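S.K.: only geometry, no sequence info:
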């Protein structure tokens, strides 16, 4: 169970996600993440969210992420993601990725992510991006979706402090 739910405070934005989050993960922006314009390339935000998604899974379940190419027979795969960009991020900033599970279905679950930057030499604290994604529980051997494992469902419900029924 998380210590407490929270939300990074940034100026209001109409496209921000409402509500609080049980999980936070810090990501340092590397020079290699930036492009010729000097800000983080848009594709890297997908990686930041992926890093946070894996950290969420490992913290919530207490297990390492199951990866099919490393012998796991069951795991999760990303089926869809939508990213909304609001403000650029820059080398040297430490971004916070807040994550929560929104819905758990039969074979899939939905997560949302909120990326923020603290006040820095680049300006005040700000919303960088939001993302919503669908992940599918997957049988790597049979190459098909499977029901979300009861252990995952129970762990996510306990961590989020709510029922997904």
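M.R.: Perfect, thanks for sending it. What you see is a predicted model, and the numbers here were worked out from it, not measured in a lab.
S.K.: got any ranges where this structure has weak pLDDT?
M.R.: 1-4, 67-72 (pLDDT under 70).
S.K.: ranges for the strands of this structure?
M.R.: 23-28, 74-85, 94-104, 108-117, 126-139, 144-145 (DSSP state E).
S.K.: gap between the fourth one and the chain center?
M.R.: What it means is strand 108-117. How far strand 108-117 lies from its chain's middle: 4 Å, per C-alpha atoms, centre = their mean, to the nearest Å.
S.K.: and what of the first one?
M.R.: Strand 23-28 has its C-alpha centroid displaced from the chain centroid by 9 Å (C-alpha atoms, centre = their mean).
S.K.: which secondary structure elements does that strand sit against?
M.R.: helix 42-61, strand 94-104 (3 or more C-beta pairs under 8 Å, 6 or more residues apart in numbering; DSSP states H and E). In short, each C-beta sits where N, CA and C put it, glycine included.
S.K.: parallel or antiparallel, list what pairs with it.
M.R.: strand 94-104 (antiparallel) (DSSP bridges).
S.K.: angle of the partner strand against strand 108-117?
M.R.: 160 degrees (axes from the mean of the first three to the mean of the last three C-alpha atoms, to 10 degrees).
S.K.: how far off centre is strand 94-104?
M.R.: With C-alpha atoms, centre = their mean, you get 4 Å for strand 94-104.
S.K.: same thing with stretch 38-54?
M.R.: That offset, for stretch 38-54, works out to 10 Å (C-alpha atoms, centre = their mean).
S.K.: closest one to residue 31 among the helices and strands packed on strand 23-28?
M.R.: helix 42-61 (11.6 Å; C-beta to C-beta).
S.K.: circling back: let's have the helices and strands packed on strand 23-28 in JSON lines, adding mean neighbour count and distance to residue 8.
M.R.: Below are these laid out as JSON lines (neighbours: other C-beta atoms under 10 Å; distance: least, C-beta to C-beta, whole Å):
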{"stretch": "helix 42-61", "mean neighbour count": "18", "distance to residue 8": "13"}
{"stretch": "strand 94-104", "mean neighbour count": "20", "distance to residue 8": "5"}
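S.K.: good, wrapping up.
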